[in-house]
Every structure is written in C-alpha cells, then in structure tokens.
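*Asks:* I would like the atomic coordinates for the input below:
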Amino acid sequence: MARFLRPLLWGTTYTRLLHLWVPMLFVSVWLFIDSTRPWVPALMLIPLGLIPAVRRGEGVQARFMLAPGERSGEDTAFSVAPSAGRRDRWRTVLWLEARMLLSVATSMVTVWLPMFAVDLTRAALGYWPSNDPVVRLLDPHWSCALLVPVPLLALYGAVVGLGELTTALARRLLGPSPTERLAALEERTEQLLERNRIARELHDSIGHALTVAVVQAGAARAADDPTFTGRALVAIEETGRAALEDLERVLGVLREAQRPVSSRPTLTDADRLLESARISGAKVDAEVTGPLETVPGPVSREGYRILQESLTNVLRHAGSVPVRIRIEVKDGALALEVRNPLPDGITGPGRGSGLRGIRERAALLGGSARTGPHQGDWQVHAELPLG
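*Replies:* Numbering: from 1, shown residues only. As a prediction, this is how the structure comes out:
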C-alpha cells in the first residue's frame, strides 16, 4: 500500500500536473471570447509550433516540470535547442496538439471527479444531489459514503497516469534529433580528450619535477659536498618553481574551459629541460637541425612534453648516463629522438603510463612514436607532421 501511494510524496507528480494545466488556461480565455468555436486554439498551435524557438521553450518546460530530477548536465531526454529542420518543427506541432488534448482531459478529470466525490458525500448525509446524472441514480443513503473513495482513487490514478503518459510522449517528440545526438557525442568526446590531455600534462610535468628533485637530493646526500649540495638545491628550486607554474596552468584549464594554451612551454624552451637534466648528472648531447621556431604551436608543445617525459625516464631508470638528443625539422615533419644506454633488466618495449602517453601524444597529431630497446640503447623516437 505504501508503494502504491508513494507518488503522492513526489514533487514530480505535482509539477507534471501543473504542466498539464497550463495550456487549459489559454483555452479557457478563448472560450470566454468565443465558445462556439473551441477548435480554434488547436488550429493556432500549428503555425506556433513551426517557429524554431518554440521547441526550445517546450524543451525547457519539459525538463524542469516533467523530469525535474534529470536536470544534470548529462540529461539528453529533452532537447533545449531550436528546431533544426522540418522534421523537428512538425514534431513540435504534434507535441503541442497532444499537450492540448492531454490538458483538456486532465482538466475534466480534476474537476469532475472531485465534484463526484462531494455529491456522494452529500447523498450519504441525506441531501439530494444537485445535477450529477450518475449520483441521481442513487437514493440518498449513508451507504453512498462507501463509494466516496472510488472517484478519489480514480483521480489519483488519472493524475499519475496522465503525468507518465505526457512525460513519455515528451521524450519521444521533444527528444534530441540525430543531429543533436551526434553533436552531444562529439562534445562528450572532446571533453574526454581534454581530460586525457590534462592527465598527461600533470603526469609529465609533476613527474619530471619530482624525479629531478629525488635524483638531486640523493646525489647531494651521497656527495657530501657543500658546493654540490648548493647547486642541487638551486636545481630543485628551479624545477619545483617550473612545476608549480605548470600545475597552475593545468588547473586554470580545469577552471576555464576556453582558457588559451599559448602559455604552455614549447620546444624553444627546451634549454631549461636540458640544463635540469645536466644538473641532475646526465651527460646530455643535444643537436637541433632546422628552423625550430617555425614549428606550429600544437606540434611544438607536444614535442616539448615528449622530450620532458623521455628525460624523466632516463633520470628515473638509468641515472647519470650519456643522453643523445636529436631534434630535426625537415620535409614537413618534426623528428625527435632520445637515446641512452639500455638499463639492466630492460629487454622489451616499455609499457609504462609515461611511454604510453608519448605514443598517445604523437598519435593525436597524426604522427607516430617508438619506445624501447634499439641497437643496445633505449630509444624514444617520435615523428610529428607539421601540417
């Protein structure tokens, strides 16, 4: 019984009832003007539904009144965009006509059934009912009180049922068109790609800074040399400051969806990466060929991150070893290669999240990346198209 009466406690039940009552207000005004032609309001809905903006208004009403619990950003049951084509406009017309009919039915049951219950109560008290043709078939008697719950239960069922029917019909007629569904899917895909990019940014930037800090601190402790310790602390400070700037930039992207990315470091800022690696003990041999400043921003930024992750892996897994870096801009492509002596115990291609991120960055730009052992060295080789 409690489950049966549960819709009485739902706010949705009453917002749907209000949604069904609204069109009847306009019908009542028209009937007050001209009661001989009640079909005119339904006829007027046809040109009204063909206006593109009407679909947006009906979608907003449906979202807030028919399904108020589904107003999250993921809700796609009701379209809140103007009609995009002829099919959407005629679906809006059909919805307006159906809403009008359901409104008339709702008004009739919410007026007649309560009046029926009142007439049954009067008959149970011994008063002759007014003009209700059904109750007039009964003699005024206390037994009429037994019939009072019948119209009330019918009213309850009609209100809940009409609300559910209206919501189902709205989902069908005011739901997003295939074009809108495709646009929503593309937007969702863009959001997932952006989140993935931010995760890679945090991994590469913060991971590099922590690796440098750990290596420098360990080297300073082992050297037990005040001069070397001072240089190590300076390197840790500079790397930490750069990591904080990267973190602030990434958090800014999270706060502001349209925040520009032009402030992200590019390959023209690679000197600080190389200097950081040298201070950490790596013997870096870098060679740059071609006009690096002409590389497009997206390619240069991703190239910087690939180089950063490659140096982080060298410091983390190989330590103070010779590192050969080759950056070449030629034939419409950027080639980046980082090689170092193969650490002991590494016999196959890398499967870490950082190496996977390198391959993902290259693939998103239409390029390719190889990571793993090559001719006795550990190699990261990426080729990124400039177009």
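*Asks:* for Ile325, pull up the helix or strand it's in.
*Replies:* According to DSSP states H and E, Ile325 maps onto strand 322-330.
*Asks:* tell me what that strand is packed against?
*Replies:* helix 270-279, strand 283-289, helix 297-313, strand 333-341 (3 or more C-beta pairs under 8 Å, 6 or more residues apart in numbering; DSSP states H and E). Bear in mind the C-beta positions are built from the backbone N, C-alpha and C, glycine included.
*Asks:* and those, which is most packed in?
*Replies:* helix 297-313 (a mean of 23; mean count of other C-beta atoms under 10 Å).
*Asks:* show the end-to-end separation of stretch 82-89, please.
*Replies:* End-to-end distance of stretch 82-89 (C-alpha to C-alpha, to the nearest Å): 9 Å.
*Asks:* ok, then the element right after the helix or strand of the chain with the lowest mean pLDDT?
*Replies:* Counting by mean pLDDT, DSSP states H and E, the chain has its least confident helix or strand at helix 178-223, which shows a mean of 70. Downstream of helix 178-223, the next assigned helix or strand under DSSP H and E is helix 226-255.
*Asks:* pLDDT on that following helix, on average?
*Replies:* In this model, helix 226-255 carries a mean pLDDT of 73.
*Asks:* tilt between that helix and helix 297-313?
*Replies:* 140 degrees (axes from the mean of the first three to the mean of the last three C-alpha atoms, to 10 degrees).
*Asks:* which strands or helices does helix 226-255 pack on?
*Replies:* helix 178-223, helix 270-279.
*Asks:* and the pLDDT for Trp128?
*Replies:* 65.
*Asks:* with adjacent residues omitted, what lies nearest to Ala42?
*Replies:* Leaving aside its sequence neighbours, Ala42 sits nearest to Met100 (C-beta to C-beta, 6 or more residues apart in numbering; 5.7 Å).
*Asks:* ok, then the element right after the helix or strand hosting the one you found?
*Replies:* Met100 is located in helix 86-124, with elements delineated by DSSP H and E. Following helix 86-124 in sequence order, the next helix or strand is helix 149-173 (DSSP H and E).
*Asks:* that older thread, any idea which of the helices and strands packed on strand 322-330 scores lowest on pLDDT?
*Replies:* Across the helices and strands packed on strand 322-330, helix 270-279 gives the lowest mean pLDDT, at a mean of 82.
*Asks:* can you give the domain ranges for the chain?
*Replies:* Listed by automatic domain parsing, the domain ranges of the chain are 6-176, 189-385.
*Asks:* so the strand holding Ile325 versus helix 297-313, what angle?
*Replies:* 170 degrees.
*Asks:* show residues contacting strand 322-330.
*Replies:* Defining contact as C-beta atoms under 8 Å, 6 or more residues apart in numbering, one finds that strand 322-330 is touched by 267, 270, 274, 277, 282-292, 294-295, 303, 307, 311, 314, 334-341, 386.
*Asks:* endpoints of stretch 30-49, how far apart?
*Replies:* 18 Å.
*Asks:* tell me how far it is from the chain's mean position?
*Replies:* 42 Å (C-alpha atoms, centre = their mean, to the nearest Å).
*Asks:* if we can go back for a sec, show me what the helix holding Met100 is packed against.
*Replies:* Helix 86-124 is packed against helix 11-33, helix 40-49, helix 52-61, helix 149-173, with contacts defined by 3+ C-beta pairs under 8 Å, 6+ apart.
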